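Asks: Could you work out the structure for the sequence below:
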Amino acid sequence: MLELKDVHTYYGNSHILQGISFSVAQGKCYVMLGRNGAGKTTTINTISGLAPSRSGSVVFQGEAIQSQPSWKISRMGIGFVPQGRRIFPSLTIKENLTMSARPNPKNGGNAWDLEAVYDLFPVLKEREKNMGNQLSGGQQQMLAIGRALMTNPELVLMDEPSEGLAPIIIDQIGDIVIRLKETGLSILMVEQNIALACRVADKILIMNKGRIVCELDPDELLANKEIQHQYLGV
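Replies: Now for the predicted structure:
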């Protein structure tokens, strides 16, 4: 589904991603963990075209996308749930969702339409006339996920979906990610919450100083206290 090879990304003269390589399989959820500043969000931004790489390749479904603008990458089938949600506060829930609506790029159909998103998030249906700034943090996160789904993606990038949420809401976000996997959607998630990451992930990618230092199964991470301490500060 997605493959990065020897990707280097800079912010000005700062060398952030220092030759990262990994792949995401079809219908799987990969979660990136690491300390603040490790390069996780930069990886997401590089894939989405918001922080283009200086060298290396990013290949999505067999097509190189590292030199494409972000709007074209989105239209190719990559959805984006940004850190901090970034919903439109002056639009209603329904308007936030419909403004991003797009047919499936492969078959022209709408696997994810307003009805499907409301079925996944009933609370959004109940409050569809509320403005974006009238929602709780958890509801805003649901709206951000729903907005990404309305683009009918085949891969969704999620940047810290549990940030600032209460534990009960984090559990709900985990349930949602698992349901999305069951539909065949591929997911690459950046997280700080190890429990959530290990619950939803098929593979864990550990980042440190702009590099992928190890790739392992969730059970392997939970059993390896040395990796948790060295790279995650646990």
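Asks: Going by length in residues, pull out the top helix of this structure.
Replies: helix 167-182 (DSSP state H).
Asks: Show the subsequent helix or strand relative to it.
Replies: strand 186-190 (DSSP states H and E).
Asks: Could you tell me how far the following helix or strand past that following strand lies from the centre of the chain?
Replies: Downstream of strand 186-190, the next assigned helix or strand under DSSP H and E is helix 194-200. Relative to its parent chain, helix 194-200 has a centroid offset of 14 Å by Cα atoms, centre = their mean, to the nearest Å.
Asks: And stretch 82-98, by the same measure?
Replies: With Cα atoms, centre = their mean, you get 16 Å for stretch 82-98.
Asks: do stretch 207-227 as well
Replies: With Cα atoms, centre = their mean, you get 19 Å for stretch 207-227.
Asks: Show the average pLDDT along that stretch.
Replies: Averaged over stretch 207-227, pLDDT sits at 93.
Asks: Can you give me the buried ones in that stretch?
Replies: 207, 208, 210, 212, 216, 218, 221, 227 (16 or more other Cβ atoms under 10 Å). Yep, even glycine has a C-beta here, placed from its N, CA and C like the rest.
Asks: now could you export just the CA positions of that stretch as CSV?
Replies: Extracted C-alpha coordinates of stretch 207-227, given in CSV (Å, rounded to 0.1, in the frame of the first residue of the first chain):
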residue,chain,number,x,y,z
MET,A,207,11.4,6.3,15.8
ASN,A,208,14.4,8.0,17.3
LYS,A,209,16.2,11.1,16.0
GLY,A,210,14.8,10.9,12.6
ARG,A,211,15.2,7.2,12.0
ILE,A,212,13.2,4.0,12.4
VAL,A,213,15.2,2.1,15.0
CYS,A,214,13.0,-1.0,15.2
GLU,A,215,9.8,-2.6,13.9
LEU,A,216,8.0,-5.1,16.1
ASP,A,217,4.7,-6.7,17.0
PRO,A,218,2.7,-5.0,19.8
ASP,A,219,3.2,-8.0,22.1
GLU,A,220,7.0,-7.8,21.6
LEU,A,221,7.0,-4.1,22.6
LEU,A,222,4.9,-4.8,25.7
ALA,A,223,7.4,-7.5,26.7
ASN,A,224,10.5,-5.4,26.0
LYS,A,225,11.0,-3.0,28.9
GLU,A,226,14.4,-2.0,27.6
ILE,A,227,13.0,-0.6,24.3
